[in-house]
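S.K.: quick one, what's the 3D model for this:
(chains A and B)
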2 protein chains.
Amino acid sequence: MAKSSIIGIDLGGTNLKCALLDSNLRIKAKNYFSTKSFDNKLKLIQGIADSINSFILRQGIARNSVSGVGIGLPGPVDTFKGVVHFLPNIPGWREVGLKKILERKTALPVFIDNDAKLMALAEYRAGQAKKYTNALCLTLGTGVGGGLIINGSLYRGSDNAAGEIGHVPINEKGPLCPCGGSACLEAYIGNTRILKEARKLFGPTITLEKVSALAKVNNRRAINLWVNVGERLGIALSGIINLLNLDAVVIGGGVSDAGEVLFESTRETIMRRAMSVQGKRVKIFKARLGNDAGIIGAGYLVKERQVR
Amino acid sequence: MAKSSIIGIDLGGTNLKCALLDSNLRIKAKNYFSTKSFDNKLKLIQGIADSINSFILRQGIARNSVSGVGIGLPGPVDTFKGVVHFLPNIPGWREVGLKKILERKTALPVFIDNDAKLMALAEYRAGQAKKYTNALCLTLGTGVGGGLIINGSLYRGSDNAAGEIGHVPINEKGPLCPCGGSACLEAYIGNTRILKEARKLFGPTITLEKVSALAKVNNRRAINLWVNVGERLGIALSGIINLLNLDAVVIGGGVSDAGEVLFESTRETIMRRAMSVQGKRVKIFKARLGNDAGIIGAGYLVKERQVR
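M.R.: Down below sits the predicted model:
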């Protein structure tokens, strides 16, 4: 029987997204859970296993028609051994052999990787980075992650840990970061930090969606908040663009929905701060696959790893 | 007649170094000129041509035994078209077709590239980066330049402009940089800036060599000066190491002669600020080829370009 389905999972600091994909990686069904509804690591792992198993039951598909499960995780992962090193924004994860645990709990082949790498893989195979040989794809969410396409391939680095643009410092001194460093980009523009700023300006019930809506109707303070986020992102990107002479930067994740005000500020900062040759070359795009990039990338991971 | 010699040239903000290399890229003879002794761009180009021509005359070798001239330049270069885009620390250079001009003036094949890329190529082929698949080789001099080895090859980026670690910002706001940006690493640890700091501490006749000598005999202020340079370099490197998950960083150029105090401070900052997986992986070395890396890399450029 032909393996006709793939399960793609994207674990974020906020949501656990599960999707059933067909063999062309079209999304057939999706489920969202709140990551915080799981008290600890063991419950979260059991929650992932349950969601895979109940998915199969509820969708009425045969387990042996599922070719595999791909999972993106928000932190450094040994994709070949299937071990999660740690998750900066989800406490309690240290050297977890997630692949083996889930293969036992689901009786399916499981492949894991860093979520931002999978988003980059998806945008490069099927999205906005398709034509670009040297590209950085980044996700702005609870964490700020990234994946690099270098000379037309996903660049993993020496331990599959490359791409951590959220942990590029933008100041010598600055806020401590859960990664152990300080003044990391993520410590300034991770969504919890942006929300904290927004609450100071608009009170405790504000959401980032509301800040975006306010910016769209020309609320000056809302516009300034996104301009500041774009400037800080633009400063970090200027350095990376000078260093890597990229064709394209593709920006996704929840915060990228802030809209044109964020992208304009990012582009303007890069034009002002990056070197002329590198600044002229690079194009800054919004991710095309949106919130689905992670689960589609998880699908590509299963497809590409099984071909080997 | 076998082509048995290569001329390697390394143009820096301070010195113009010319060397005669044999076919194994061993240095047979060297000449140094002060870059500042040439008043302007045209005189400097004529000076390069004269040094090539008089080299051949003085060394008594036949022009047709020279297989080519390789030149490293301190700025972004189109290595394939042979055009220098600009030189941040040498005024007056904008889109100069140096390859063609010098081929006319010397009747020899000329190949040009960014100096830091050639230093990286030399350290990767024959020096400290030899065993490392993902490495950054940087030069600390008047400018702070770099070359990246990615997956075992010199990484050029989309316009051969990759590697500009000197223009990675280490603060949101900071001193203007000749590149047009601000708060660039080079604006803090380029040797002119270090010398300015040193003059404040030790008076107008101090040299960086003397500061190093003072640090070696435990002069507290001299040690602090190099510790600060190492910290700033370490902060920039932490971000790059988090992003690229490198095996090795190789540090050369005049400032790297400051010695262990600089390297210790750089390593200590990286251990403190880089992410755990990336920080554990990376090794920080002093360049092995020293001040000759640029001219040897220029030799490799001639050898490798002529094979194509």
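
S.K.: can you give me how far the longest helix along chain A is from the chain middle?
M.R.: Using DSSP state H to define each element, chain A has its longest helix at helix A:220-244. From the chain centre to the centre of helix A:220-244 is a distance of 18 Å (CA atoms, centre = their mean, to the nearest Å).

S.K.: could you point out which element follows it?
M.R.: strand A:248-252 (DSSP states H and E).

S.K.: do that next one and chain B meet?
M.R.: No - for strand A:248-252 and chain B, the contact criterion (CB under 8 Å from any CB of the partner chain) is not met; the two come no nearer than 9.2 Å. For glycine as for every other residue, the C-beta is placed from the backbone atoms N, C-alpha and C.

S.K.: list of residues touching that strand?
M.R.: By CB atoms under 8 Å, 6 or more residues apart in numbering or on different chains, the surrounding residues in contact with strand A:248-252 are A:119-120, A:123, A:127-129, A:132, A:134-140, A:233, A:237, A:241, A:263, A:266, A:282-291, A:293.

S.K.: near chain B, from the residues you listed?
M.R.: Okay, of those touching chain B (CB under 8 Å from any CB), that's A:N134.

S.K.: sort out for me which of the contacts of strand A:248-252 are in helices.
M.R.: Those of the contacts of strand A:248-252 lying in helices (DSSP H): A:M119, A:A120, A:E123, A:L233, A:L237, A:I241, A:F263, A:T266, A:A293.

S.K.: tell me the pLDDT at the residue nearest to A:A183 when sequence neighbours are not counted?
M.R.: Once flanking residues are discounted, A:A183 sits nearest to A:G174: 2.8 Å by CB to CB, 6 or more residues apart in numbering or on different chains. pLDDT, A:G174: 97.

S.K.: contacts only, for A:G174.
M.R.: A:S182, A:A183, A:C184, A:A187, A:Y188.

S.K.: repeat that for 10 Å
M.R.: A:G174 makes contact with A:G181, A:S182, A:A183, A:C184, A:L185, A:A187, A:Y188, B:N171, B:E172, according to CB atoms under 10 Å, 6 or more residues apart in numbering or on different chains.

S.K.: one more: A:F111?
M.R.: Counted by CB under 10 Å, 6+ apart, A:F111 has contacts A:6, A:68-72, A:79-80, A:82, A:99, A:103, A:118, A:298, A:301-306.

S.K.: just to revisit the earlier point, ok, the contacts of A:G174 vs B:D247, which is closest?
M.R.: A:G181 (20.0 Å; CB to CB).

S.K.: and the residue lying closest to the closest one once chain neighbours are set aside, how many neighbours?
M.R.: In this structure, A:G181 finds its nearest non-sequential neighbour in B:R273, 4.4 Å apart by CB to CB, 6+ apart. When neighbours are counted by other CB atoms under 10 Å in any protein chain shown, B:R273 registers 26.

S.K.: any idea how far B:R273 lies from B:S238?
M.R.: 4 Å (CB to CB, to the nearest Å).

S.K.: okay, and the common contacts of those two?
M.R.: A:H167, A:P169, A:G181, A:S182, A:A183, A:C184, B:G279.

S.K.: what number of residues are in the vicinity of the fourth one?
M.R.: In other words, A:S182. A:S182: 18 surrounding residues under other CB under 10 Å.

S.K.: hang on, the earlier thing: top of the shared contacts of B:R273 and B:S238 by neighbour count?
M.R.: Neighbour counts for the shared contacts of B:R273 and B:S238, by other CB under 10 Å, peak at A:C184, which reaches 32 neighbours.

S.K.: got a list of what that one touches?
M.R.: So A:C184 contacts A:88, A:144, A:164-171, A:174-178, A:190, A:236, B:238-239, B:242, B:273, B:275 (CB under 10 Å, 6+ apart).
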